[in-house]
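# Next come a sequence and a model predicted from it.
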Amino acid sequence: MRQGWRWFGPQDKVTLADARQAGVECVVTALHHVPTGEIWRPEEIEKRQREVAFHPDGAMTHLAWDVVESLPVSEAIKTQSGDWRAHIVHYRRSLENLARAGISTICYNFMPVLDWTRTDLAWRVPHGGTAMRFDLADFAAFDIHILKRKGAAEGYPETVLAEADKRFARMDDDAQRRLAANVVAGLPGAVESWTLESLAAQLETYRGIGPDRLRRNLIDFLSDIVPDAQRLGMRLACHPDDPPFPLLGLPRVMSTEADYRAVLDAVASPANGVTLCTGSLGARPDNDLPGMAARLAPQVHFVHLRNVRRDDEAVPCSFFEDEHLAGQTDMVAVVAALLGEERRRRSEGRADAEIVMRPDHGQDILDDLKRGAQPGYPAIGRLKGLAELRGVMAALNHAGSSS
């Protein structure tokens, strides 16, 4: 697998020099500053390519922008409201501009409103580092007592409700603000951000939209876009829900293998595929990640390798971002399935035989604790994860070549 690294642009506190020293082979990035729904212009794409190719002092990085993560799908498209038809035209134009720039793998997601959700961005783990965590009771406290969403309490078990009440009673104003900020945290450099008021207003736009309709809207979007992507030789890779269960009364439609199968079968094309994120999917105990990696492999266009540890085996549940080889997903089995798929593709002469992966997320360790990088994207924690994954790949490839 080709070893990638997510980079948030020149403002990222983890530089491309850091990435090169970590041994990565390509960059995964996006134009986070372009408002969702607008066209990615050729000049902006070319500017980002130059930023990836050259250090600030003009020296070459020997890296290229291989994967877009993400070309965002607007809320208007997801709800089929407002300017959604114009946004689809803009999405198509963005794909054309990216294709002309030589970029063919596009990660996107169809999560309503929040791109991902955590309640603690720096939760202390036993070795002294920090990790991101989703705590269901803390989230319920936010939903019920801070956001004050109507009917929120109906979506949680009694035990979670009782614990949420206790925790909220112990929170001072600063603790409430921190929790709210963690829940609505966005990506660095992104134009969109949420306040409690704007989040509540956005939730209203999904009133009456259940999972069946949201899935239909996703299939409609892909039916419009995929033929163009196939013509352009591009690969669209849908990222799963994170976490992979409903939150804030919003539907989720990309949380399980069955969800993926429904969408892949509805719009059958080599351009319609999967971002296999073992961390997002691993937050559900009923997701068999090695099996999913093997069964979905022909349509896997991009891979996020990370691991989580669940507090229990319920859905939904609390979890934290564990070390890459230490969580509850059998990462060795997942990597073995993906390497096997690469061998199969090479035997068929597929142009996309090599799958781009990146070590997704990472615990803040050592100097990460003082750097203040984007939560989940530290330098040393990701380097450690990449080194572990690189070792797994080397061992499996060695075993395969000698068998």
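Sure, I can see it.
# Surely residue 374 touches residue 8?
Yes. Assessed by CB atoms under 8 Å, residue 374 is found in contact with residue 8 at 6.1 Å. (C-beta placed from N, C-alpha, C; glycine too.)
# Assign the residue lying closest to residue 137 once chain neighbours are set aside to helix, strand or coil.
Computed as CB to CB, 6 or more residues apart in numbering, the closest residue to residue 137 that is not its neighbour in sequence is residue 163, at 4.0 Å. Following DSSP: H, G, I helix; E, B strand; the rest coil, the label given to residue 163 is helix.
# Report how many residues lie close to residue 163.
Other residues lying near residue 163 total 18 when counted by other CB atoms under 10 Å.
# Quick check: pLDDT value at it.
Note for residue 163: predicted pLDDT of 98.
# That one is in contact with residue 139, isn't it?
No. With contact defined as CB under 8 Å, residue 163 does not reach residue 139; the gap is 11.1 Å.
# can you pull out the helices in the stretch 201-350 of the chain?
In the stretch 201-350 of the chain, helices defined by DSSP state H, counting those that start in this stretch lie at 211-231, 257-266, 278-282, 289-295, 331-348, listed in chain order.
# okay, the ones you listed in JSON lines with mean neighbour count next?
Listed next are the helices of the stretch 201-350 of the chain as JSON lines, based on neighbours: other CB atoms under 10 Å:
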{"stretch": "helix 211-231", "mean neighbour count": "17"}
{"stretch": "helix 257-266", "mean neighbour count": "16"}
{"stretch": "helix 278-282", "mean neighbour count": "26"}
{"stretch": "helix 289-295", "mean neighbour count": "19"}
{"stretch": "helix 331-348", "mean neighbour count": "17"}
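# Out of these, flag the one nearest residue 98.
Of all those, helix 211-231 sits nearest to residue 98, with 10.0 Å by CB to CB.
# contact partners of the closest one?
By CB atoms under 8 Å, 6 or more residues apart in numbering, the list of residues contacting helix 211-231 from outside reads 73, 77-80, 88, 91-92, 95-96, 106, 110, 112, 209, 235-236, 251-254, 259, 262-263, 266-267, 269-272.
# Then stretch 171-188?
8-9, 11-12, 32, 114-115, 117-121, 138-139, 141-142, 146-147, 168, 192-196, 199, 374-375.
# Stretch 349-357 too?
Contacts of stretch 349-357 with the rest of the structure, by CB under 8 Å, 6+ apart, involve 1-4, 26, 28, 66-67, 105, 235, 300-305, 338, 341-342, 345-346, 389.
# contacting residues around the nearest residue to residue 101 once chain neighbours are set aside?
Leaving aside its sequence neighbours, residue 101 sits nearest to residue 45 (CB to CB, 6+ apart; 4.8 Å). Residue 45 sits next to 31, 97, 98, 101, 103 when contact means CB under 8 Å, 6+ apart.
# Can you turn the buried part of the contacts of helix 211-231 into a PyMOL selection?
The buried subset of these, as determined by 16 or more other CB atoms under 10 Å, is captured in PyMOL by this line:
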select buried, resi 73+77+78+79+80+88+91+92+95+96+106+110+112+209+235+236+251+252+253+254+259+263+267+269+270+271+272
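# For this protein, just list every one of the strands.
Using DSSP state E, the strands assigned to the chain run over residues 2-6, 26-29, 65-69, 105-109, 120-124, 130-134, 235-239, 272-277, 300-305, 307-310, 319-322, 356-359.
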